[in-house]
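# Structure for this input, please:
(one chain, ligands or ions: 1)
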Amino acid sequence: MNLSEFRKQAHLLVDWMTDYLENVETFPVKSQVEPRQIFHQLSPAPPFEGESMETIFEDFQRVIVPGITHWQSPGFFAYFQANSSPPSILAEMLTATLAAQCMIWDTSPAAAELEEMMINWLRDMCGLPHSWTGAIQSTASEATLCAMLSARERITDFRINESGFGPSDRIRIYCSSETHSSIEKGAKIAGFGRQNVVKIPVDLQLAMRPDALRKAIADDVAAGYQPGCVIASIGSTSTHAMDPIKEIGEICESLGIWFHIDAAHAGTAMILPEYRYLIDGIEKADSYVFNPHKWMLTNFDCTAYFVKDKGTLIRTFEILPEYLKTQHTSQTNNYRDWGIPLGRRFRALKLWFVIRSYGLAGLKEKVRNDINNSQHIADVIQARPDFELFIPPPLNLVCFRFKPEGNWSENQINEFNSQIVNQLNASGEIYITHTKIDGKYLIRLSIGQTNMTAAHVDRAWNLISTKAAEVLQSAHLSG
Ligand code: PLP
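Purely as a prediction, here's the structure:
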């Protein structure tokens, strides 16, 4: 493609992108295709001759778009949102155009220095300790793996990096029964083994019980294990459970155990000082992760990983072949040594665009509105005798279930709620997901998509409540 053709196509694409964002609410939120439907529409072999962009783009609209779930629709209440925004998209276009490999300072000084400043901005925006630093990574899973690897090396004085695990290395990882699956995955990859992940019991709010953590560690030490790392959640995936950071931090500090905090989704709320009580005691942590790519209007992927001691991080990952040696190492950050991959995308640019474009005030307003809308729906649910709120939402995730009056068994109630979720998702009107706590099927509403307003939230509630009445009526008819 020559550059005059590129210019023409790029303009056409920007028009399509703008139309898409304008009309995103008209698409079914969850893709309605059947399994393999897209695959069978794709050519089984690559073309020998190049094809025109018109043909490719026509196929994109015809074949690909129907198979897309529209995460940028304000009808998206599933999982946790993965927000984008116009300034973020613009920055991604520039990132793709520059296509810079930002592995070391020399390979793009602006990328390294902007990343350093964006980490400082995020740290200060979220009230994290001023002495901390960090790096932008792809995902929370990757950042948590970095924390586990750093913990492994600190506890073994960097021996496992050199000689691998020995028979006496029996290192344990602690997290609550509610923490994200990335912890178990990390334990598999880091060589601890899944069986050495100790799941600590939780309280009624599903937060880790510090007394149980203390006991589990003491039992392990007595049995000859080494406590390697404790991972706490600020906002668990299932229900947004909040682990008690201060108490856990005190235990870790007194025993010299690495303390990592996973605030993947909820971390964005720390831009609001009134919610920082959730991370009270953060200074006792060794590392902390949150995803601007979830709630901070910044395209996937963009993960902020913070550490108290960058020396341990770098020593865990650094490797210096001759071909990567450069000057200026004392004044600059070579981020290849701050995480797993060598090659790195220029992710700081989209953060810079987003934060400058919305301003701190705009971002705070967005997050505050989402939390207010969540509280509003929680109040509506609590006022309904036929619905049950799981817990008052700490932030913007509302978990609840339909529980109509009558002699319905727990299985039947679960079935009602699963029908509500599946039928609404099949309608394409909204997209919601569920979780199960103590065998109870709960509907989750994650209220945070970029363009979601109170009206979208009210509409979702009306759809749920109407569907619940339909499901109940059909149960009466068939029963
Ligand atoms: N931790 C928590 C609490 C999450 O909710 C999620 C994903 O939703 C993750 C980790 C994994 O995030 P990522 O996809 O960035 O690895």
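# and the residue nearest to Asn161 when sequence neighbours are not counted, helix, strand or coil?
Ranked by C-beta to C-beta, 6 or more residues apart in numbering and with sequence neighbours excluded, the top spatial neighbour of Asn161 is Glu153, at 5.5 Å. All C-beta atoms are positioned from the backbone trio N, CA, C, and that covers glycine. Classification of Glu153 using DSSP: H, G, I helix; E, B strand; the rest coil returns helix.
# Make sure Leu389 is actually in contact with Ile377.
No: shown here, Leu389 and Ile377 do not form a contact pair, counting by C-beta atoms under 8 Å, at 9.2 Å.
# can you pull the buried residues of the longest helix along the chain?
The residue-count maximum for a helix in the chain (DSSP state H) belongs to helix 348-382. Under the neighbour-count criterion of 16 or more other C-beta atoms under 10 Å, helix 348-382 has 348-355, 357-358, 363-364, 366-367, 369-371, 373-378, 380-381 buried.
# elements contacting it?
Under the contact criterion of 3 or more C-beta pairs under 8 Å, 6 or more residues apart in numbering; DSSP states H and E, helix 348-382 touches helix 86-98, helix 109-125, helix 292-295, strand 387-389, strand 397-402, helix 454-478.
# possible to save these as a markdown table with mean neighbour count and distance to Trp16?
Converted to a markdown table, these look like this (neighbours: other C-beta atoms under 10 Å; distance: least, C-beta to C-beta, whole Å):
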| stretch | mean neighbour count | distance to Trp16 |
| --- | --- | --- |
| helix 86-98 | 17 | 12 |
| helix 109-125 | 18 | 29 |
| helix 292-295 | 28 | 23 |
| strand 387-389 | 18 | 41 |
| strand 397-402 | 25 | 33 |
| helix 454-478 | 15 | 24 |
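# Turn those into JSON lines, including distance to Tyr79 and mean pLDDT.
Listed next are those as JSON lines, based on distance: least, C-beta to C-beta, whole Å; pLDDT from 0 to 100:
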{"stretch": "helix 86-98", "distance to Tyr79": "19", "mean pLDDT": "98"}
{"stretch": "helix 109-125", "distance to Tyr79": "22", "mean pLDDT": "97"}
{"stretch": "helix 292-295", "distance to Tyr79": "9", "mean pLDDT": "98"}
{"stretch": "strand 387-389", "distance to Tyr79": "20", "mean pLDDT": "97"}
{"stretch": "strand 397-402", "distance to Tyr79": "10", "mean pLDDT": "98"}
{"stretch": "helix 454-478", "distance to Tyr79": "15", "mean pLDDT": "95"}
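# Can you check which of the ones you listed gets nearest to the ligand?
Relative to the ligand, the nearest member of the helices and strands packed on helix 348-382 by C-beta to the nearest ligand atom is helix 292-295, separated by 6.9 Å.
# tell me, what's touching Leu389 and Ile377 both at once?
Val398 (C-beta atoms under 8 Å, 6 or more residues apart in numbering).
# Run through the residues of the chain sitting next to the ligand.
Residues of the chain lying close to the ligand (C-beta under 6 Å from any ligand atom) are 80, 139-141, 180, 182, 233, 235-237, 262, 264-265, 291, 303.
# mind pulling up the phi and psi values for Ile173?
For Ile173, the backbone dihedrals (degrees, to the nearest 10) come out as phi -120, psi 140.
# how far away is it from Ile377?
Ile173 sits 36 Å away from Ile377, taking C-beta to C-beta, to the nearest Å as the criterion.
# before we move on, what about Asp203?
With C-beta to C-beta as the criterion, Asp203 and Ile377 are 24 Å apart.
# Now do the strands in this protein.
Taking DSSP state E, the strands of the chain run over residues 133-137, 171-176, 197-200, 226-233, 258-262, 287-290, 303-307, 387-389, 397-402, 433-437, 440-446.
# Thr453 is nearest to which of those strands?
Ranking the strands of the chain by proximity to Thr453 (C-beta to C-beta) places strand 440-446 first, at 14.4 Å.
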